[in-house]
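**Q** generate a structure from the sequence data that follows.
(chains A, B and C)
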Amino acid sequence: MKDKAVITLLTDFGWEDGYIGAIKGVILGINPQCLIVDLAHEISPHDVLGAALVLGHTYPYFPKGTIHVVVVDPGVGGERKPLILATEHYLFVGPDNGVFDLVLRREHGIRAYELAEKRFFLPQVSQTFHGRDVFAPAAAHLSLGVSPEQMGPSVPIEAMVTLDIPNPLIKGEILQGEVIYIDHFGNLITNISQEVLGGFAPDDMVEIEIGGEEVRGLVSSYAEGGKWEIIALWGSGRLLEVSLKENNLHQERGWGKGERVRIRRRR
Amino acid sequence: MKDKAVITLLTDFGWEDGYIGAIKGVILGINPQCLIVDLAHEISPHDVLGAALVLGHTYPYFPKGTIHVVVVDPGVGGERKPLILATEHYLFVGPDNGVFDLVLRREHGIRAYELAEKRFFLPQVSQTFHGRDVFAPAAAHLSLGVSPEQMGPSVPIEAMVTLDIPNPLIKGEILQGEVIYIDHFGNLITNISQEVLGGFAPDDMVEIEIGGEEVRGLVSSYAEGGKWEIIALWGSGRLLEVSLKENNLHQERGWGKGERVRIRRRR
Amino acid sequence: MKDKAVITLLTDFGWEDGYIGAIKGVILGINPQCLIVDLAHEISPHDVLGAALVLGHTYPYFPKGTIHVVVVDPGVGGERKPLILATEHYLFVGPDNGVFDLVLRREHGIRAYELAEKRFFLPQVSQTFHGRDVFAPAAAHLSLGVSPEQMGPSVPIEAMVTLDIPNPLIKGEILQGEVIYIDHFGNLITNISQEVLGGFAPDDMVEIEIGGEEVRGLVSSYAEGGKWEIIALWGSGRLLEVSLKENNLHQERGWGKGERVRIRRRR
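**A** Numbers count the residues shown, from 1 in each chain, chains lettered A, B, ... in the order given. Sure, this is the predicted structure:
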C-alpha cells in the first residue's frame, strides 16, 4: 500500500477557535486520504521568528514527501506573497514573511513559487484567513500530485523575506549571545550554536553569565545541578540553553528574548 | 479504497487531563479504522454559545458524511437530552443544550433523535462524563454504519434547545450590535453580519464606534491601518470583527462579550 | 485490511514548541502507516503523578495492541532508565520515574525491559530529549513488530520506581483523604475511591467537609446543586471529586493538591 501523504500544520491559532478545524476540513474535503499532523498551534500570536525556529527544529524529522503548512501570518491580505517552497525532500506552504528562514539557510537547490492559480484556492477567498482559503487547499492539491510549478510563477530565492536573527559576537575573551526563544518550560534558548562555541573554547573551559548571575555549566543534561540552580546545556536543537533546575527560569527571573548571555574563556 | 469515516471532536476539555484521550480510546476501540480529527478543545469551560459559533464556522468545510461530536456539556447527568442530528451532509452528536443552534438556523430537513439505546453506550455509563460513555461510542457506531434511527426515538426540531443570540438593532441612522465572541488573538467578533450591514449602508459609508473610541474601518484586511490602531473588518465567518492592529484588543482595552458596537450611516 | 498500529502520546510539552512535532516526525519516518493519537500534552511541567493519573484513566479505553508513549521526564539524561512495559493488552514506553505507577498497581503479569539497544534509537541521542531520540523511535519499531525483548534486558518489576500516592485514613467516625489532582475545570479530584468509601459508609450517610466548608453531597452529577454551591460526586475515574457548581473551585477558593477532605459517618 502506498504511504499516505502527510501534511503538517504549524500555526499560532490556539485550540479555542474554529481556525484549526476549518483548515482540516478544507484539506480533508479535497484529499480525504491524507494524514494531517498537528505540529504546533500555540506559537505566540504573530511571532514569525518563533514559527521559523519551531519549523527549523522539526521539519527534518518527517518522512520524505511531507508537506509542511505554516500559518503564522500577521500580514494576511496585505502585500506579502503566498508561497510554495520545494526542497529535495519536502514541500512547504505559507506566507513569504520569514517563517521559512531556517529552511532557506539550510537547504540547497530550493525552488519557490508564488501561489497564484486561483483554481487551487477555495472558490471564495477572504482577506483575513488565507490559511483556510489559500494554503490549506493548495497543500491538499499538492498531496494529490499537483506540482508546485502548476500553482504559480517561480520566485527567485533572493527575493524572499528573511529574518534578522542576531549573531553572537566575539570580543577578545568574551563571546556574547542572546536569548532568541523561550520554550514551554521557561528554558531560554540562545543564538549560540555548538559550532560557534566550539570555535571559541572547549565546553569545559568556559564561564557563563546571564542577567548578572553566574551559571553552572556547561552540564550535559537537565538532571545535573542542584535544585533552583541555573544551568546551561546544549538543547535538543544544538543551541545553548539556560535553564532553572526543575523550574521555569523565564517566570522566576523575568528574563526574556534579547537577554544577553556572556561567555568568558577560562585560562 | 473507500474513504475512512471522519469523526471530529469539539470540546472544552483542554489538553491537561485524560478526557480527550478517553474519548479517542473509546472511538478507536469500536472503530479502529476511523479518522479522528481534533477540531477545538479549548472552548471556554461550559461556554455553549462559544461551542455553537465554533461549530457553525467549521462544520461546512468537512467532507460529506463527517460525524461531528460536540462535548461542551455543563448539564451532563441532568435532564438535557443526548442527541443525534442528521442533516443532508453530516451527522452531529452531543447534548441538547444549544451547541447545535447554528446548525438548526442554517440547515433544512434536519432529523433529530434522542440517544437512548443503551446497547450503543459503554456498558457502564457515568453521570459525569457522557462524552466518553455515550457520545463517543454512539459516534463510533454511526461511523460503522448504524443509522441514527436505530439509536433512539425521533425528537421534533421545535423541541430542541436554542440560544438567545442577540440581534443587532437599527434605530434611525444608527445600527447597534454587540460583541458575541472573542478569539485567540483578542479580536472581538460581533453579531453584525454582512447581510445586516449591507441592508443598512454601503461598507464605505459607515462610521464605527466601540467603547467610546472611533474605529478605522471598514478596512479589508488586518494588514491595513497603523500599529495600535483599532480597525474593523469582515472576519472569516463573515461577521464584523474589531481588532487592534497586530495586538490583542480584548486584553488592551478590556472589552468583552456584550460590549456595544455602534455604526452610524454617513451622509 | 489489518488495523493500523496505534501510538498514543502523553506529554508535558504544550503546543508552543517543536517537541511534539519532532516526536511525530520520528515516528512517521520509521512507520508511516501508524496512527498517532494525541492523548494529552498539557500535563503540568514535570508532574509525574499527574501523568500517572491521566495515563491510568485513559489507557484501558484503547484497543488491544495500542502502544502508549509517556514523555514527562524531568530526569532525562540522568540515571533513570528508559523502559518498555508489556501488559496483556498494551505496550508502554517511557522513563522509569513513576509515570507507570497506576499500570503497575492494576495489571498482572507485566514484563518490563530497559530500552538499551541503540539500533532502535535515532543515530544521535541527545541528553535532553529522549522523547524524540529514544522513546519515539522505540515505539515506532514496536509498531512494526519488533518485540520488547529485542530492545534490551529484562527489568524486575520490583525494581521499578513507584509513587508515594497518599492513602486515605480512617480514624473512628472520620475518613480523611486529600486532593491529588486538579483538572481543567478546577475540579478537585481526591484519593478517595468508591471502594474505600463503600467500606466506610453508604453514600447517603456521609457529611463531607473541605477547607472548613461543608459540602453538598454526595450528589450524582454536576447538574445537581445550586449555582456557586460546593458539591461532591463520583468523578469519571471513580474517585471522589469536589466541584463548584458551574465554576472553577480551584481558582475560587485556592484549594490545591494536598488539601484535606474530611468525611464524617452520619448516625
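**Q** next up, the contacts around A:Asp47.
**A** A:Asp12, A:Val72 (Cβ atoms under 8 Å, 6 or more residues apart in numbering or on different chains). The C-beta positions use only the backbone N, C-alpha and C, and glycine is treated the same way.
**Q** ok, it to B:Gly98 distance?
**A** Noted for A:Asp47: a distance of 35 Å to B:Gly98, by Cβ to Cβ, to the nearest Å.
**Q** who's A:Val71 bridged to?
**A** On the basis of DSSP bridges, A:Val71 is bridged to A:Thr11.
**Q** how many neighbouring residues does it have?
**A** 27 (other Cβ atoms under 10 Å in any protein chain shown).
**Q** quick one: pLDDT of it?
**A** pLDDT for A:Val71: 98.
**Q** ok, it - contacts?
**A** Listed by Cβ under 8 Å, 6+ apart, the contact partners of A:Val71 are A:Leu9, A:Leu10, A:Thr11, A:Asp12, A:Phe13, A:Ile23, A:Gly94, A:Pro95, A:His130, A:Gly131, A:Phe135.
**Q** repeat that for 7 Å
**A** Shown in contact with A:Val71 (Cβ atoms under 7 Å, 6 or more residues apart in numbering or on different chains): A:Thr11, A:Gly94, A:Gly131, A:Phe135.
**Q** likewise A:Leu55?
**A** By Cβ under 7 Å, 6+ apart, the neighbours of A:Leu55 are A:Leu10, A:His68, A:Val70, A:Val99, A:Leu102, A:Val103.
**Q** how close does the last one get to A:Leu35?
**A** Shown here: A:Val103 relative to A:Leu35, a distance of 21 Å by Cβ to Cβ.
**Q** and what of the third one?
**A** Distance, A:Val70 to A:Leu35, using Cβ to Cβ: 18 Å.
**Q** mind jotting down where the helices sit in chain A?
**A** A:19-30, A:48-58, A:101-106, A:130, A:136-143, A:194-198, A:249-253 (DSSP state H).
**Q** so the first one, near chain B or not?
**A** Spelled out, that is helix A:19-30. Yes: judged by Cβ under 7 Å from any Cβ of the partner chain, helix A:19-30 and chain B are in contact via A:Ile20, A:Gly21, A:Ala22, A:Lys24, A:Gly25, A:Val26, A:Leu28, A:Gly29.
**Q** report the contact partners of the third one.
**A** Right, the one you point to is A:Ala22. A:Ala22 makes contact with A:Arg132, B:His57, B:Thr58, B:Tyr61, according to Cβ under 7 Å, 6+ apart.
**Q** what number of residues lie near the residue lying closest to the last one once chain neighbours are set aside?
**A** Among residues not flanking B:Tyr61 along the chain, A:Gly25 sits closest, at 3.1 Å (Cβ to Cβ, 6 or more residues apart in numbering or on different chains). With neighbours defined by other Cβ under 10 Å, the count for A:Gly25 comes to 25.
**Q** now do A:Gly237
**A** Other residues within reach of A:Gly237, judged by other Cβ under 10 Å, total 22.
**Q** got JSON lines for the contacts of A:Val71, with neighbour count and pLDDT too?
**A** Converted to JSON lines, these look like this (neighbours: other Cβ atoms under 10 Å in any protein chain shown; pLDDT from 0 to 100):
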{"residue": "A:Thr11", "neighbour count": "25", "pLDDT": "98"}
{"residue": "A:Gly94", "neighbour count": "28", "pLDDT": "98"}
{"residue": "A:Gly131", "neighbour count": "27", "pLDDT": "97"}
{"residue": "A:Phe135", "neighbour count": "29", "pLDDT": "98"}
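**Q** now, among the residues you listed, which is nearest to chain B?
**A** A:Gly131 (8.9 Å; Cβ to the nearest Cβ).
**Q** test my guess that that closest one contacts A:Lys24.
**A** No: using Cβ atoms under 7 Å as the test, A:Gly131 is too far from A:Lys24 to be in contact (10.7 Å).
**Q** grab the nearest non-local neighbour of whichever residue of the stretch 151-267 of chain A sits closest to chain B.
**A** Residue of the stretch 151-267 of chain A nearest chain B, by Cβ to the nearest Cβ: A:His184 (11.6 Å). The shortest distance from A:His184 to any non-neighbouring residue, by Cβ to Cβ, 6+ apart, is to C:Gly14 (3.7 Å).
**Q** same question for A:Asp17.
**A** Nearest non-adjacent residue to A:Asp17, counting by Cβ to Cβ, 6+ apart: B:Asp183, 4.8 Å away.
**Q** with A:Leu83 instead?
**A** Using Cβ to Cβ, 6+ apart, the nearest residue to A:Leu83 is A:Asp96, at 4.7 Å.
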